[in-house]
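# Got a predicted structure here, sequence first:
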Amino acid sequence: MFVTAALKQADLQSKYSPVYFYKFSYEGLVTQLHINVEGTGNVMRAEDMAYVFDLIFGSLTEEDNLTGDRVVKLWTNFAKTLNPTPDHSDPLLNVTWLPVSSTDIQYLDIDKTLDLKHGRKASEFDMWNETYYSYGKQPLIGF
């Protein structure tokens with residue numbers, strides 16, 4: 001439900017400005033505090049916000065702290081420069097986050113490492129696009 005609309009928004013907006021898409025996959029202290037639902041993955045929607053706003057209570061590991069520092073650095077860089085990784089030599093980030101292009105919904109996978117990946121669920125995205133445009137009626141289409 002959330003991913004399809006986010007992918008569509010990234011695709012549409014990327015025609016007018018750079019769009020930086022990401023997936024937060026890090027399983028830290030926050031992930032251990034809730035019940036996991038089979039088939040959805042272990043990291044739930046908006047868990048990254050706990051690292052952005054320092055809302056984690058309990059004993060943090062070095063990886064928890066590193067992930068929090070990375071997320072804050074990415075968001076701060078973007079706020080300052082409109083580019084989350086402007087300094088390609090920054091050892092904290094050690095990645096160049098490329099924006100979405102018209103041919104590739106690439107994304108940064110934020111986990112124990114930062115990895116740029118390509119084709120975020122492209123086949124599912126195409127299927128949902130076709131379904132929405134085949135069966136949806138304007139103005140009721142959700143995107």
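Okay, I see it.

# State the phi and psi torsions of K8.
Torsion angles at K8 (phi, psi; degrees, to the nearest 10) stand at phi -60, psi -40.

# Check M49 too.
The phi and psi torsions at M49 (degrees, to the nearest 10) take the values phi -60, psi -30.

# Surely it touches G68?
No: in this structure, M49 is not within contact of G68 by C-beta atoms under 8 Å, at 11.0 Å. Heads up, the C-betas are built off the backbone N, CA and C, glycines and all.

# These two - which one has more neighbours?
When M49 is set against G68 and neighbours are counted by other C-beta atoms under 10 Å, the residue ahead is G68, at 20 against 12.

# Beyond the helix ranked longest in the chain, next helix or strand please.
Using DSSP state H to define each element, the chain has its longest helix at helix 62-81. Helices and strands here follow DSSP states H and E; after helix 62-81, the next one along the chain is strand 107-110.

# Following element in sequence after that following strand, please.
From strand 107-110 onward toward the C-terminus, using DSSP H and E, the following helix or strand is strand 114-117.

# Now tell me what touches that following strand from outside.
Defining contact as C-beta atoms under 8 Å, 6 or more residues apart in numbering, one finds that strand 114-117 is touched by K23, R70, L93, N94, V95, T96, W97, L98, Q106, Y107, L108, D109.

# Kindly confirm my reading that the first one forms part of a helix.
Meaning K23. No: secondary structure of K23, determined by DSSP: H, G, I helix; E, B strand; the rest coil: strand, with no helix assignment.

# What is the neighbour count of it?
Counted with other C-beta under 10 Å, the neighbours of K23 add up to 19.

# ok, now which ones touch it?
For K23, the set of contacting residues under the criterion of C-beta under 8 Å, 6+ apart consists of Y107, L108, D109, I110, K117, R120.

# One more: the fifth one?
Contact criterion C-beta under 8 Å, 6+ apart gives T85, L108, L114, D115, L116 as the residues in contact with V95.

# what's the neighbour count on the last one?
Using other C-beta under 10 Å, L116 is surrounded by 14 other residues.

# next one: the fourth one
The number of residues packed around D115, counting by other C-beta under 10 Å, is 13.
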